[in-house]
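1. Quick one, structure for this:
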Amino acid sequence: MKNVLLTVLILLLTLASCSKKQQELEIEYRGCKKMKISQPNYAFLPDTFCKNEGYGGAIRFEFQIDRGKDCFYAISLDEVTFYHAQGIEYNVRSNRSYKIDDPLVIIDNEKVSFVFCYWSNDSSTIANLTNIVVSWNIVSEYGQWSNTLTERIDFPGKPISTALMDIVKTIKVNDYYQIFKIWDHAAEDGDIVTVHFNNDKILDHYRLTKNGEQFAIILQKGDNFLSVLAENEGGSPPNTCSIEMNNTEIKIDAKVNQAKTIKIVY
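-> Here you go, the predicted structure:
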């Protein structure tokens, strides 16, 4: 009889232990569903950093894990697109995924960085690159995905592609001296833009705020073009930029690598 009672007791304890473990796994599983990443950033590295086949380069990406750090298992690059000045895509090879034990990945508490390597057998292909658009997210060991971050990387000294421009508004003014205000018309979530005026870059990787700032431009006689290029989409896509000029507000909602242009006729 004692042996029977002991066996039953062991079974009950085992079931209780399994139930508790199952509850813990369920809590962890639900927590992994809420993985969130933010604050993307990048920096160019020396071309020799990656042991590329042929010609290429290296870029270090950084981001922060806001929720679900314990679930983080791998980084996946959803989109990698290379462009030259005419807005045409180039066929360039690159890394597409990283596990957390990859030597190219560094984890420092909530901060994560990884080295993105790209290469081609054609040196002119690499030399003519103007920008890259990279989208990535993280995945848990349970196969759950975080939100996606997207960054546009501009190569220094390369012009904006006219093929990417989209005229969204035409305004006529009578004064050559104009003040425009630029701000984030939605939630302030880290949206970054680059602004060109008549092919001159006047704001480079400018972070939009709710309050915004004012800037002055001098118009030439005839047609003038103010182009806003989305460098990222912040924490909540799309990039939500507003520009006010001559008492007119123009809302510019753009995806990465889109240039929305205001035509100003003086």
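2. what secondary structure does residue 205 sit in?
-> What DSSP: H, G, I helix; E, B strand; the rest coil gives for residue 205 is strand.
3. And it, what's its pLDDT?
-> We have a pLDDT of 87 for residue 205.
4. Tell me, how many residues neighbour it?
-> Summarising burial for residue 205: neighbours were counted as other CB atoms under 10 Å, giving 13. Backbone N, C-alpha and C define where each C-beta goes, glycine included.
5. just checking, residue 122 touches residue 55?
-> Yes - using CB atoms under 8 Å, residue 122 makes contact with residue 55 at a distance of 7.1 Å.
6. So between these two, which is more surrounded?
-> Neighbour totals were compared for residue 122 and residue 55, and residue 55 leads with 17 against 13 (other CB under 10 Å).
7. you'd agree residue 219 is up against residue 173?
-> Yes - counting by CB under 8 Å, residue 219 does reach residue 173; the two are 7.1 Å apart.
8. Now the common contact residues for the two.
-> 264, 266 (CB atoms under 8 Å, 6 or more residues apart in numbering).
9. quick one: which of the two has more around it?
-> Shown here are residue 219 and residue 173; by other CB under 10 Å, residue 219 has more neighbours (18 against 15).
10. Next, give phi and psi for the more buried one.
-> phi -80, psi 150 (degrees, to the nearest 10).
11. so who does it touch?
-> 173, 176, 177, 178, 264, 266.
12. Contacts only, for residue 168.
-> 250, 252, 260, 261, 262.
13. could you measure the first one against residue 80, distance?
-> In this view, residue 250 and residue 80 are 31 Å apart by CB to CB, to the nearest Å.
14. Ok, residue 238 next?
-> On the measure of CB to CB, residue 238 and residue 80 end up 19 Å apart.
15. returning to what we had before: just send the contacts of residue 168 back as JSON lines, with pLDDT, secondary structure and distance to residue 51 too.
-> As requested, these are exported to JSON lines (pLDDT from 0 to 100; DSSP: H, G, I helix; E, B strand; the rest coil; distance: CB to CB, whole Å):
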{"residue": "250", "pLDDT": "93", "secondary structure": "strand", "distance to residue 51": "47"}
{"residue": "252", "pLDDT": "90", "secondary structure": "strand", "distance to residue 51": "41"}
{"residue": "260", "pLDDT": "89", "secondary structure": "strand", "distance to residue 51": "40"}
{"residue": "261", "pLDDT": "91", "secondary structure": "strand", "distance to residue 51": "41"}
{"residue": "262", "pLDDT": "93", "secondary structure": "strand", "distance to residue 51": "45"}
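16. Farthest pair within these?
-> Across those, the longest distance by CB to CB is 10.2 Å; it joins 250 and 261.
17. Give me the residues contacting stretch 77-86.
-> 89-92, 94-97, 116, 118, 128-137, 148, 150, 158-159, 161-163, 257.
18. Mind listing what's buried along it?
-> The neighbour-count check on stretch 77-86 (16 or more other CB atoms under 10 Å) flags 77, 80, 82, 83, 84, 85 as buried.
19. can you tell me which of those residues lies nearest to residue 224?
-> For the buried residues of stretch 77-86, the nearest to residue 224 is residue 85 (21.3 Å; CB to CB).
20. Wasn't that closest one part of a strand?
-> No - per three-state DSSP, residue 85 lies outside any strand segment and is coil.
21. And it, how close does it get to residue 129?
-> Taken as CB to CB, the span from residue 85 to residue 129 is 9 Å.
22. does the most centrally placed residue in the chain belong to a helix or a strand, and which?
-> Centroid-nearest residue in the chain: residue 150, 2.4 Å away (criterion: CA atoms, centre = their mean). Residue 150 is located in strand 149-154, with elements delineated by DSSP states H and E.
23. If anything else comes up later, I'll come back, but that's it for now.
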